[in-house]
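*Asks:* generate coordinates for the sequence data below:
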Amino acid sequence: MFAFSRFLLYFTEVARQGSFRKASETLHVAASSIDRQILRVEKELAMPLFERHPTGLRLTAAGELLLHAANNWKKDFSRVCEQLDDLRGLRRGHVRIATIDAINRQFFSSMLKKVHVDYPNISFTLTTMNNVDIQQALMSGDADFGLMLNPQSSRELQVRAFAEIELGIVVPKGHPLGGRSGVRFNQCMEYPFILPAAPLMLAEPVQALMNINGDRVREVAVSNNIHMIRSLIKEKMGIGILCWLDIMDEVKSDELQFIPLTDPQLKTFTLSLCVAPSRQLSLAASMMLKQLEMLFSQIQTAGRERH
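*Replies:* Modelled structure (predicted):
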């Protein structure tokens, strides 16, 4: 990446530290040099960027505007540099991926490993968020694409691929329900349940099933953590209700069994691969996107193979 503008480098660091001295220690530049650069720009703008107090520096309204613009410019400039590398055939870059927690598992890691083997100069950041934060990250440019469950329709989002994810009863290996191809919720009432709680998206449809079936559910544990629910089921404390995506790896390794719920009022979850249509992807991000589209095909295939 080209050298970031000296003034903007000084300015953003002073804004972050709130002190010329601390910024100088971080940048290894004399505090007087940093002060002169900022004073010169303040003189050209005819307005101060910082309020100078005995306790430190604080951004003025003009400083806040400039800091916001500088941060956006830095992100945009980074993307331009990636595109220039693409033109030189270096196939390098950095890709930012935001995902819901369930997708951040073994089969996704395998896909990222394949990309790394094919394109070793591409690095990536993988961040777990909820749906709302993923949409904000896409719109702000903090993520190149996101993997979301049941995203709200929005002009700021474009769905590039999607997969329908079933809900089902999850049982430990050898459980009496394990051999079934499908089951209704009211056929499981004799077994103790480990139930999901908000903010898990599973909580709402599970509560609806419980409301329909009255107070007959034997509840032994409630958790808002998918990993904990899986662990408790493995320990044979009870059975659970999860989506197929949550336990793909455990079914593949023969640790757990998944029986689709066939209650007619129960809807599947939709896993969506989303981008912000207003933002252009780098070549690195575009290649990663193609791999993700293949992943969605694998999810659908895995689901069909169970039936």
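*Asks:* when you work out contacts or count neighbours from here on, use the C-alpha atoms and nothing else.
*Replies:* OK.
*Asks:* so after the particular helix or strand that has Ile229 in it, what's the next helix or strand?
*Replies:* Secondary structure from DSSP states H and E places Ile229 in helix 226-234. Sequence-wise, the next helix or strand downstream of helix 226-234 (DSSP H and E) is strand 239-243.
*Asks:* for that next one, which strands pair with it and how are they oriented?
*Replies:* Sheet pairing for strand 239-243, assigned by DSSP bridges, gives strand 167-172 (antiparallel), strand 192-196 (parallel).
*Asks:* Arg40: how many residues sit nearby?
*Replies:* 12 (other C-alpha atoms under 10 Å).
*Asks:* measure it to Ile34 for me?
*Replies:* Distance, Arg40 to Ile34, using C-alpha to C-alpha, to the nearest Å: 10 Å.
*Asks:* do Ala208 as well
*Replies:* Between Ala208 and Ile34 the computed distance is 61 Å (C-alpha to C-alpha).
*Asks:* again, but for Glu156
*Replies:* Distance from Glu156 to Ile34, counting by C-alpha to C-alpha: 40 Å.
*Asks:* how about Ser223?
*Replies:* Ser223 is 52 Å from Ile34, where distance means C-alpha to C-alpha.
*Asks:* the two: who's more crowded?
*Replies:* Each of Ser223 and Ile34 has its neighbours counted (other C-alpha under 10 Å); Ile34 has more, 22 against 17.
*Asks:* what about the strands in the stretch 1-150 of the chain?
*Replies:* Counting by DSSP state E, counting those that start in this stretch, the stretch 1-150 of the chain has strands at residues 50-53, 56-59, 93-99, 122-128, 145-149.
*Asks:* of these, which approaches Leu195 most closely?
*Replies:* Ranking these by proximity to Leu195 (C-alpha to C-alpha) places strand 145-149 first, at 19.3 Å.
*Asks:* give me the contact list for the closest one.
*Replies:* With contact meaning C-alpha atoms under 8 Å, 6 or more residues apart in numbering, strand 145-149 is reached by 96-100, 103, 130-131, 134-135, 138, 269-276, 289.
*Asks:* ok, then the element right after that strand?
*Replies:* Taking DSSP H and E, what comes next after strand 145-149 is strand 158-165.
*Asks:* what are the pairing partners of that next one, and which direction each?
*Replies:* Strand 158-165 pairs in its sheet with strand 269-275 (antiparallel), by DSSP bridges.
*Asks:* can you show me the CA trace of the partner strand as CSV?
*Replies:* Written as CSV, here are the backbone C-alpha positions of strand 269-275 (Å, rounded to 0.1, in the frame of the first residue of the first chain):
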residue,chain,number,x,y,z
PHE,A,269,-34.6,-21.0,8.1
THR,A,270,-33.0,-19.3,5.1
LEU,A,271,-29.3,-18.9,5.2
SER,A,272,-28.4,-16.1,2.8
LEU,A,273,-25.1,-14.9,1.3
CYS,A,274,-25.4,-11.1,1.2
VAL,A,275,-23.4,-8.2,-0.3
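*Asks:* for it, what is the average pLDDT?
*Replies:* Taken as a whole, strand 269-275 carries a mean pLDDT of 88.
*Asks:* all numbers from here: first residue = 26
*Replies:* Understood, numbering begins at 26; the last thing we discussed is strand 294-300.
*Asks:* what comes up buried for it?
*Replies:* By neighbour count on 16 or more other C-alpha atoms under 10 Å, the buried set for strand 294-300 is Phe294, Leu296, Ser297, Leu298, Cys299, Val300.
*Asks:* and which of those is nearest Pro73?
*Replies:* Proximity of the buried residues of strand 294-300 to Pro73 was ranked by C-alpha to C-alpha; the top entry is Val300 with 38.6 Å.
*Asks:* got the contact list for that closest one?
*Replies:* Val300 makes contact with Leu163, Asp169, Phe170, Gly171, Leu182, Gln183, Val184, Arg185, according to C-alpha under 8 Å, 6+ apart.
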